[in-house]
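A.B. asks: Show me how the following folds:
(2 chains)
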Protein chains: 2
Amino acid sequence: MSTAVSPLAPKSYPALPAVAGVRFATAQAGIKYKGRTDVLMVLLDEGADVAGVFTKSRCPSAAVDWCRDNLAGGRARALLVNSGNANAFTGRKGREATELSARYVAEAAGCAMGEVFLASTGVIGEPLPAEKFAGVVDTLVSEAEAGDWQGAARAIMTTDTFPKAASRTIDLGGQTVTLNGIAKGAGMIAPDMATMLSFLFTDAPIAAPVLQELLSEQVGGTFNAITIDGDTSTSDTVLLFATAKAGGERVERADDPRLAGFRQALGELMRELAQLIVKDGEGARKFVSVTVTGAESDASAKRIGFSIANSPLVKTAIAGEDANWGRIVMAVGKAGEPADRDRLAIWFGDVRVAVDGERDPSYSEAAASAAMREEEIAIRVDLGLGEGKATVWTCDLTKEYVAINGDYRS
Amino acid sequence: MSTAVSPLAPKSYPALPAVAGVRFATAQAGIKYKGRTDVLMVLLDEGADVAGVFTKSRCPSAAVDWCRDNLAGGRARALLVNSGNANAFTGRKGREATELSARYVAEAAGCAMGEVFLASTGVIGEPLPAEKFAGVVDTLVSEAEAGDWQGAARAIMTTDTFPKAASRTIDLGGQTVTLNGIAKGAGMIAPDMATMLSFLFTDAPIAAPVLQELLSEQVGGTFNAITIDGDTSTSDTVLLFATAKAGGERVERADDPRLAGFRQALGELMRELAQLIVKDGEGARKFVSVTVTGAESDASAKRIGFSIANSPLVKTAIAGEDANWGRIVMAVGKAGEPADRDRLAIWFGDVRVAVDGERDPSYSEAAASAAMREEEIAIRVDLGLGEGKATVWTCDLTKEYVAINGDYRS
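C.D. replies: Residues are numbered from 1 along each chain as shown, chains lettered A, B, ... in the order given. I've put the predicted structure just below:
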């Protein structure tokens, strides 16, 4: 397996500002990997609120179950993330491992187990050796500091090829607040699958129910608008923590006008992190946006967008730099959503290749091919039926994807 | 692109018996390919009934529209199939091409245009040069004979690597009747997509509405239970013709007890042809059956089966001979169907790898790995919820699939 950094990686990794009330440390617990950090502990000062969204899988990991239960309280003091073992499909032993992990953290951090959040990514079906955390939690707590966010992002990687972190500074009713986020994306450990984790931190004073509403309204157009291979992990987790350390009056309602800037910045930050995950998709060489307009509804547009973005034939054509709009037609047709073949129009970049249900008479193969040679490719489909629209992001399907996910035994 | 025959191909291609009332011939019309047959014409004696099922795509090909319209009459005298051009997404020109094709055939065969059926497979979005049929239809009609069914199957191939034909001899109320079928599967022409065509012929005396009912009831467990890549073609077509030349009293009702043997044989024949299509899937090295039991309904079991069979992570694991049951858990979880993680059991071949929501305590990695090295792999999932069950068939996802569908420009 190649360890080269994705060709779609950012050119540099800027240092992120501190978020007041957030400290963290990383360690090597030896869960699976040797010689690299595999545990991230984040400590939140007393008074932090939390919101979360999770995988829709019917077979969620034990850590996801744990977080869902604790989210009811709305308060957080600590987050423990490990890579190397997903603690998924581990039955009773999995539940015991989450309890043991949370107990270690609660004792070391001096908080309640209900204020400890957990996330795990890695191998499925192997019991998580939570007792290995015993040796590192005290050091993690004593060493936690405002610290290096790129290092934190690095500790939660599996076979991600670059760390994913982003930041925004926002005006909240005259108060300046900071919003930082880290994420991990598609990785492979034998045997493993793509898992999406993201953790967002702000010093803004926002109550948990408002955080939850903000997070839920933004996730549809960001993390839930990306696909590498259409395979939903058992462990997907996004958590948003707010420490209130920036001061100012607490935001208690989601329609508070002070939230305008925060809401927009949160959406932008989540979109940036989501797109970084796509840019580190297994074997990815192309970053692809699929925009569907003119659908009967936004939901219908999104389903058609995912039908295109998940189609192996569309994704292999993109890998081959092939302006194969026939496969776009196919993917629209199979989506099961309202569509009228004879009103369909399709663009690659600025080049309209099809209109009114047939090849565009003025379509230039050379111009379309040039658009396909770009590193970032915009596909647009107009259905000509209504006002519904959506954009989703994906990458191409290359032989490296097959190699990463199929070859490790050979 | 490799022209090697699929390793999953049958060892031999037996000659099929004649079907009374069915004659056919092949020709080189030069639609796209050079130096090989690309047109199949089948002539049916007066009095033949017909039934059909088609792609569920919202962007069906012009030939599919044509067949749907003519099916209302229930009578067939001719079938014209071309490879090299799908006549899909071709707008008004596509409709004109089907009319012109049918007119040539009707004039040459001396029948009504409403009794002519058409199927096209190949490039999407290119106008079909139907005028090229003018030069071959008279010869096709004059040369048509009981003939070589494997040759007929070969003429409708695109990049299929072997011809697909099967036959059954059936007792129909004391009368012996014959049922023959041919099919084509996943192929690639630049630019193209997998297209499934199958044509079934019998000399049994069965009325069109009964044929339609038989075909519709069998298609769910056969052609609609296979997947290569989850990409539904614009052109999928199955037609069943009955010439009545075997004699005997005409079957006018689907609950006629004389149909018992025919119904079973039709299902078997369709399943055999469907499985041959999977065995010629692009880049396929493994033939995989996925059986889901214990679901809340048969429909739910089938959706879970397809979630497994279409998962790129499951299919790449199979290519890598990796007994990666964590990915099966993932695919069950993402299907959106009722499932209880803690009741799930999973088998590879005879090896139970997971039970009661965790790894089987007596699971042998060596035994599971041995099962994965077989050319044919049976995956079974029991949900422990109800009586619903379904089996679907697929193949592995290899680098050759990506190469076939992405590399042709490089």
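
A.B. asks: Was I right to think residue A:206 contacts residue A:249?
C.D. replies: No. Between residue A:206 and residue A:249 there is no contact under C-beta atoms under 8 Å: 10.7 Å. Every C-beta, even on glycine, is put in place using the N, C-alpha and C of the backbone.

A.B. asks: Look at those two and report which has more neighbours.
C.D. replies: Neighbours were counted for residue A:206 and for residue A:249 using other C-beta atoms under 10 Å in any protein chain shown; residue A:206 has more, 29 against 11.

A.B. asks: Look up which residues are beta-bridged to that one.
C.D. replies: residue A:251 (DSSP bridges).

A.B. asks: Could you give the backbone dihedrals for residue A:264?
C.D. replies: Per-residue torsions, residue A:264: phi -70, psi -40 (degrees, to the nearest 10).

A.B. asks: And the strands in the stretch 301-410 of chain A, which stretches?
C.D. replies: A:345-348, A:351-355, A:358-359, A:376-382, A:388-395 (DSSP state E, counting those that start in this stretch).

A.B. asks: Could you say which of those strands is packed most deeply?
C.D. replies: Among the strands of the stretch 301-410 of chain A, strand A:388-395 has the highest mean neighbour count (mean count of other C-beta atoms under 10 Å in any protein chain shown), at a mean of 24.

A.B. asks: which helices and strands does it pack with?
C.D. replies: If contacts are counted by 3 or more C-beta pairs under 8 Å, 6 or more residues apart in numbering or on different chains; DSSP states H and E, strand A:388-395 sits against strand A:226-227, helix A:260-279, strand A:287-295, helix A:298-309.

A.B. asks: same question for the last one, mean pLDDT?
C.D. replies: What helix A:298-309 shows for mean pLDDT is 94.

A.B. asks: Indicate whether that helix makes contact with chain B.
C.D. replies: No. Using C-beta under 8 Å from any C-beta of the partner chain, no contact is recorded between helix A:298-309 and chain B, whose separation bottoms out at 9.4 Å.

A.B. asks: picking up where we left off before, weakest of the helices and strands packed on strand A:388-395 by average pLDDT?
C.D. replies: Per-stretch mean pLDDT for those is lowest at strand A:226-227 (a mean of 78).

A.B. asks: helices and strands of chain A: which one bottoms out on pLDDT?
C.D. replies: For chain A, counting by mean pLDDT, DSSP states H and E, strand A:226-227 ranks last in confidence among helices and strands (a mean of 78).

A.B. asks: elements contacting that one?
C.D. replies: Counting by 3+ C-beta pairs under 8 Å, 6+ apart, the packing neighbours recorded for strand A:226-227 are helix A:260-279, strand A:388-395.

A.B. asks: do that again at 10 Å, thanks
C.D. replies: Strand A:226-227 is packed against helix A:260-279, helix A:298-309, strand A:388-395, with contacts defined by 3 or more C-beta pairs under 10 Å, 6 or more residues apart in numbering or on different chains; DSSP states H and E.

A.B. asks: Any stretches of chain A with poor pLDDT?
C.D. replies: Applying pLDDT under 70 to chain A flags residues A:1-3, A:186-195, A:230, A:232, A:407-410.

A.B. asks: Domain boundaries for it, per the record?
C.D. replies: In terms of domains, chain A is parsed into A:22-279, A:287-406 (source: automatic domain parsing).

A.B. asks: Next, residue A:397: phi, psi?
C.D. replies: Residue torsions, per degrees, to the nearest 10, at residue A:397 are phi -110, psi 110.

A.B. asks: And for it, nearest residue in space, chain neighbours not counted?
C.D. replies: What sits nearest to residue A:397 in space, not counting adjacent residues and going by C-beta to C-beta, 6 or more residues apart in numbering or on different chains, is residue A:315, at 3.5 Å.

A.B. asks: one step back: and the domains of chain A as JSON lines, adding distance to residue B:34?
C.D. replies: Shown next, in JSON lines, are the domains of chain A (distance: least, C-beta to C-beta, whole Å):
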{"stretch": "domain A:22-279", "distance to residue B:34": "38"}
{"stretch": "domain A:287-406", "distance to residue B:34": "22"}
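
A.B. asks: Could you find the closest non-adjacent residue to the single nearest residue of the stretch 101-250 of chain A relative to chain B?
C.D. replies: The nearest approach of the stretch 101-250 of chain A to chain B comes at residue A:124, 3.0 Å away (C-beta to the nearest C-beta). What sits nearest to residue A:124 in space, not counting adjacent residues and going by C-beta to C-beta, 6+ apart, is residue B:326, at 3.0 Å.

A.B. asks: and the one you found, how many neighbours?
C.D. replies: Residue B:326 has 26 nearby residues by other C-beta under 10 Å.

A.B. asks: Check whether it really touches residue B:359, as I assumed.
C.D. replies: Yes. Between residue B:326 and residue B:359 there is a contact under C-beta atoms under 10 Å: 9.5 Å.

A.B. asks: Can you check which residues contact both of these two?
C.D. replies: Overlap of the contact sets of residue B:326 and residue B:359 (by C-beta atoms under 10 Å, 6 or more residues apart in numbering or on different chains) consists of A:89, A:124, A:125, A:126, B:346, B:353.

A.B. asks: and the two most separated of the residues you listed?
C.D. replies: Greatest spacing in those, by C-beta to C-beta: A:126 and B:346 (15.1 Å).

A.B. asks: Assess the claim that residue A:38 and residue A:158 are in contact.
C.D. replies: Yes. Judged on C-beta under 10 Å, residue A:38 makes contact with residue A:158 at a distance of 9.5 Å.

A.B. asks: Now the common contact residues for these two.
C.D. replies: Residues touching both residue A:38 and residue A:158 by C-beta under 10 Å, 6+ apart: A:32, A:83, A:84, A:121, A:122.

A.B. asks: export those to JSON lines and tack on distance to residue B:149?
C.D. replies: Below are the shared contacts of residue A:38 and residue A:158 laid out as JSON lines (distance: C-beta to C-beta, whole Å):
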{"residue": "A:32", "distance to residue B:149": "56"}
{"residue": "A:83", "distance to residue B:149": "57"}
{"residue": "A:84", "distance to residue B:149": "57"}
{"residue": "A:121", "distance to residue B:149": "54"}
{"residue": "A:122", "distance to residue B:149": "53"}
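
A.B. asks: Now list the buried members of those.
C.D. replies: For the shared contacts of residue A:38 and residue A:158, a burial check counting by 16 or more other C-beta atoms under 10 Å in any protein chain shown picks out A:32, A:83, A:84, A:121, A:122.

A.B. asks: With secondary structure and distance to residue A:11 added, can I get those in a markdown table?
C.D. replies: Formatted as a markdown table, those follow (DSSP: H, G, I helix; E, B strand; the rest coil; distance: C-beta to C-beta, whole Å):
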| residue | secondary structure | distance to residue A:11 |
| --- | --- | --- |
| A:32 | coil | 31 |
| A:83 | strand | 25 |
| A:84 | strand | 29 |
| A:121 | strand | 26 |
| A:122 | strand | 29 |
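
A.B. asks: pretty sure residue A:120 is touching residue A:81, no?
C.D. replies: Yes. Counting by C-beta under 10 Å, residue A:120 touches residue A:81, with 7.4 Å between them.

A.B. asks: Could you check which of the two has the larger neighbour count?
C.D. replies: Neighbour tally, residue A:120 and residue A:81, criterion other C-beta under 10 Å: the higher count belongs to residue A:120, 33 against 26.
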